[in-house]
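Whatever this is, show me its structure:
(one chain, ligands or ions: 2)
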Amino acid sequence: MTHTIFIDGEAGTTGLEIRERLEARADLELLLLGDRRRDVAARREALNGADAVILCLPDDAAREAVAMIEHPGVKVIDASTAHRVAPGWTYGFPEMDAAQRAAVAGSTRVSNPGCYPTGFIALMRPLVKAGLVPADHPVSVNAVSGYSGGGKAMIAEFEAEGAATAHRAYGLSLTHKHVPEMTRHAGLSRPVLFAPAVGAYRQGMLVEVPLHLSALPETPSIERLHGALVEAYAGARFVEVADLETTEAMTGIEPEGLNGTNRLRLHVFGDRGGAQARLVALLDNLGKGASGAAVQNLNLMLGLDEGTGLDSR
Ligand SMILES: NC(=O)C1=CN([C@@H]2O[C@H](COP(=O)(O)OP(=O)(O)OC[C@H]3O[C@@H](n4cnc5c(N)ncnc54)[C@H](OP(=O)(O)O)[C@@H]3O)[C@@H](O)[C@H]2O)C=CC1
Ligand SMILES: CC(=O)N[C@@H](CCC(=O)OP(=O)(O)O)C(=O)O
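Numbering: from 1, shown residues only. Ligands and ions are numbered 1, 2, ... in the order given. So this is what the prediction gives:
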């Protein structure tokens, strides 16, 4: 059986990566609009004529696209931030807990997680759930992304002739659009303090949560934090927890290590005295942070194996 898929935003950074992942598949037929991709009538027809649509648009355009869908059978995956904490939408992070994969598979409205939130929620949710980090603990998140995270406009800025920016901290007003979903889906009650940065490289990200262990109940050991993550992701195909020996031997970690894949790797770094930890997630902002995740969710919503067409090495 062939499923018809429409990518609204097919020529954008995320849309192109999804297209690349889907184009070779014999089980899917892609509806492509080419030069008519901004034509509202053509989009309306495609949005209602496909079995599944993937929205790779700015937030307002994504809301407008959803409003154009009248056919009740159309399944929707929204890659934007518009519906990540909206009622009636399922959060598209299948590994988030035991029930989420089935929730995605049974939903017709799935919101793809943000790239930074994917790393953060993966690190934090199991620790909150296990009671190792209290829900009202003040949590900070430091992160760096490649410039493709800012879409076509930021790519053009960083790749312009003579562009000199090496690294830029941003989100300085502390109101980044990812804070609500990070807080909600990690199970926290206090808004996280999010400190993102963008570097002069195209793709890949690190998301880090520093923790003072003595400020947590029972001062958990590195082994306990690590154990909670290992338990949470046992059997997950795309999420792995690096073993503590490997992590201890590392003197650095680079953001491009999983580029081109749908994988997410978690590390627990700690000092020898057991007083402090640095939890670090590594992922491709355009892979598990966007396009890979969209394809994984699409597979689940179509009743297929979640890894179809995805690199799980
Ligand atoms: N880049 C990333 O790492 C990630 C991005 N996302 C999310 O995915 C979405 C897309 O981001 P990204 O691919 O980076 O952005 P880009 O700017 O690279 O692409 C945006 C696309 O949307 C299209 N578009 C813009 N406005 C409209 C409109 N009013 N009607 C129809 N089409 C429109 C553009 O069309 P045209 O080609 O004609 O310009 C373009 O194809 C965003 O919501 C972003 O938050 C999610 C996770 C990670
Ligand atoms: C480097 C950079 O600018 N990154 C974007 C985040 C990526 C994005 O817009 O997409 P999602 O919200 O869907 O993850 C930002 O901070 O706004």
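
do you know how far Tyr170 is from Asn262?
In this view, Tyr170 and Asn262 are 26 Å apart by Cβ to Cβ, to the nearest Å. In short, each C-beta sits where N, CA and C put it, glycine included.

ignore the last one, His71
29 Å.

helix or strand right after the longest helix anywhere in the chain?
Across the chain, the helix with the greatest residue count (assigned by DSSP state H) is helix 115-129. Next helix or strand after helix 115-129 toward the C-terminus (DSSP states H and E): strand 140-146.

Tell me which other helices or strands that following strand touches.
For strand 140-146, the packing partners by 3 or more Cβ pairs under 8 Å, 6 or more residues apart in numbering; DSSP states H and E come out as helix 115-129, strand 193-199, strand 205-212.

hmm, 10 Å instead?
Identification of packing neighbours for strand 140-146 by 3 or more Cβ pairs under 10 Å, 6 or more residues apart in numbering; DSSP states H and E yields helix 115-129, helix 151-159, strand 167-169, helix 179-186, strand 193-199, strand 205-212, strand 276-283.

buried set for the longest one?
The reference is to helix 115-129. 115-128 (16 or more other Cβ atoms under 10 Å).

same check, this time on the fifth one
Neighbour counts using 16+ other Cβ under 10 Å place Phe194, Ala195, Pro196, Val198, Gly199 of strand 193-199 among the buried residues.

With the fourth one instead?
Taking 16+ other Cβ under 10 Å as the basis for neighbour counts, the residues of helix 179-186 that come out buried are Val179, Glu181, Met182, Thr183, Arg184, His185, Ala186.

to the chain's geometric centre, what's the distance from it?
Distance of helix 179-186 from the chain centroid (Cα atoms, centre = their mean, to the nearest Å) equals 12 Å.

How about it and ligand 1, any contact?
No: with Cβ under 6 Å from any ligand atom as the criterion, ligand 1 is not reached by helix 179-186; the gap is at least 11.4 Å.

which bits of the chain sit near ligand 1?
9, 11-15, 37-38, 56-59, 61, 79-81, 114-115, 148-149, 151-152, 285-286, 289-290.

contacts with ligand 2 among those, please.
Restricting the residues of the chain next to ligand 1 to those near ligand 2 - Cβ under 6 Å from any ligand atom - leaves Thr81, Gly114, Cys115, Gly149.

Leaving out sequence neighbours, find the closest residue to the first one.
On the basis of Cβ to Cβ, 6 or more residues apart in numbering, the spatially nearest residue to Thr81 that is not a chain neighbour turns out to be Lys177, at 4.9 Å.

just checking, that neighbour is part of a helix?
No: assessed with DSSP: H, G, I helix; E, B strand; the rest coil, Lys177 is coil; it does not lie in a helix.

Contacts only, for Gly260.
Contact analysis of Gly260 by Cβ atoms under 10 Å, 6 or more residues apart in numbering lists Glu17, Gln203, Gly204, Asp284, Leu286, Gly287, Gly292, Asp311, Arg313.

for the closest residue in space to the first one that isn't next to it in sequence, what are its contacts?
The one in question is Glu17. Excluding its sequence neighbours, the residue lying closest to Glu17 (Cβ to Cβ, 6+ apart) is Ser291, at 3.6 Å. Neighbouring residues of Ser291 by Cβ under 10 Å, 6+ apart: 7, 13-22, 54, 56, 79, 112, 262, 284-285, 310.
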